[in-house]
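> I would like to see how this sequence folds:
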Amino acid sequence: MENLVIIPTYNEKENIEKIISAVFNLNTEFHVLIVDDNSPDGTATIVKRLQNEHKEKLHILERAGKLGLGTAYLAGFEWALNHNYDYIVEMDADFSHDPNDLPRLINGCVEQNADVAIGSRYISGVNVVNWPMGRVLMSYFASKYVRMVTRMKIQDTTAGFVCYSSKVLRCIDLDNIKMKGYAFQIEMKFTAWKLGFKIIEVPIIFTDRKEGASKMSGGIFSEAVWGVIKMKIDSFFKKYKCKDEQ
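This next block holds a predicted model:
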C-alpha cells in the first residue's frame, strides 16, 4: 500500500523542513509531494536540498505562480494517479494539521472500508486551538451553511485535511472541478458524496499556524458562499457517473 501526502506551499520556509521531517518520522510510511507556487522566500530550494536525504520519497511540483489552492491539489492528484499511489492525503504545511493524525486517516479508510476520511474539527464538538472566536464561529457556521444547502451528512464540510482512496480520484472528473480556493474542499466532498462513495470523519484537533502568514482572504469566503449555491443548482441538471462511465 503506497501512501502520498500532498502539501501545497507558498512562502512556507519557516515550516517546510519541519513538516517534511515530521511526516517521514512516522511509523507508517508516507511519500510527500510538495506543490510549490513559485514561493519568493525559497521554499522550493529547501525542498530540493531535502530531496538528497529522502530519495524516492520526497517529490516536488513547481508551478509558475500563485494559482490557487484547488488547482495545486488537482495537479497533485493527477501526479499521484500517474504514480499509482493507493491513498492520497491533503495536508497544510503549517502544522495546523498534526502529522501524527496521518496514520489515523489512512486507518479510517482501511479499517472502516471507507473511500474518503476527513480529519474533522467538528465531529466531536469544536476542536480548534488558537483561533480567534470570530474565526471559529465563521468556520463552524460555514460548515452548517454547506450542510443546509447540500444536504451532506458531514460535520466538517470545509475541512482541508482529507484522505482519498485512488479509486475516488480516478472516478471524479478532476477537469470539471470548478472552485479554485478553499471552496474546492467542499466541491470535492460533494462530488464524492454524489458519486456514492463512503465518507467518514475522524476527529482531530486543529491548531492555528505558529509561523508564516495565513493565506485566508475575503474572496475565499465569497467563493464559498455563492459557489456552494451554484454547485447545488448545477447538481440538479447533472448525472453523477465515474469518469470512465461518462
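> my guess is residue 224 contacts residue 182, does it?
Yes - under the criterion of C-beta atoms under 8 Å, residue 224 makes contact with residue 182 at 6.4 Å. (Each C-beta comes from the backbone N, C-alpha and C, glycine too.)
> can you confirm residue 241 is in a helix?
No - according to DSSP: H, G, I helix; E, B strand; the rest coil, residue 241 belongs to no helix; its state is coil.
> Let's see the pLDDT reported for the nearest residue to it once chain neighbours are set aside.
The shortest distance from residue 241 to any residue other than its chain neighbours is 7.7 Å, reached at residue 195 (C-beta to C-beta, 6 or more residues apart in numbering). Listed pLDDT for residue 195 reads 97.
> just residue 214 next, same as before
pLDDT at residue 214 comes out at 50.
> Same question for the one 10 residues further on.
Reading off the confidence values, residue 224 has pLDDT 70.
> Spit out the contact partners of it.
142, 146, 158, 181, 182, 183, 186 (C-beta atoms under 8 Å, 6 or more residues apart in numbering).
> Tabulate those (TSV), appending distance to residue 71 and pLDDT.
What follows is the contacts of residue 224, written out as TSV (distance: C-beta to C-beta, whole Å; pLDDT from 0 to 100):
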residue	distance to residue 71	pLDDT
142	21	81
146	21	88
158	18	88
181	10	78
182	13	77
183	13	87
186	15	94
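> For these, work out which two are farthest apart.
146 and 181 (14.1 Å; C-beta to C-beta).
> between the two, which one's more packed in?
More crowded of residue 146 and residue 181, by other C-beta atoms under 10 Å: residue 146, with 25 against 20.
> Distance of that one relative to residue 9?
26 Å (C-beta to C-beta, to the nearest Å).
> now do residue 161
16 Å.
> Secondary structure element holding residue 104?
Taking DSSP states H and E as the definition, residue 104 sits inside helix 102-111.
> re the thing from before, now do the shared contacts for residue 224 and residue 182.
Common neighbours of residue 224 and residue 182 (C-beta under 8 Å, 6+ apart) are residue 158.
> Pairing partners for the nearest residue to residue 29 once chain neighbours are set aside in the sheet, please.
Closest residue in space to residue 29, ignoring its immediate chain neighbours: residue 3 at 6.7 Å, by C-beta to C-beta, 6+ apart. Note on residue 3: beta-bridge partners by DSSP bridges are residue 87.
> so residue 28 sits in a strand?
No - under three-state DSSP, residue 28 sits outside any strand and is assigned coil.
> Run a quick neighbour tally on the nearest residue to it once chain neighbours are set aside.
Distances taken as C-beta to C-beta, 6+ apart put residue 103 closest to residue 28, at 4.2 Å, once the chain neighbours are dropped. When neighbours are defined as other C-beta under 10 Å, residue 103 has 15 of them.
> Residue 86 now?
There are 15 residues near residue 86, going by other C-beta under 10 Å.
> Let me see the confidence value for it.
At residue 86, pLDDT is 97.
> Likewise for residue 190?
Residue 190 is given a pLDDT of 96.
> Same check on residue 241?
pLDDT, residue 241: 91.
> That one: how many residues sit nearby?
12.
> centre of the chain versus the one helix or strand residue 186 maps to, how much separation?
Using DSSP H and E, residue 186 maps to helix 183-194. How far helix 183-194 lies from its chain's middle: 11 Å, per C-alpha atoms, centre = their mean, to the nearest Å.
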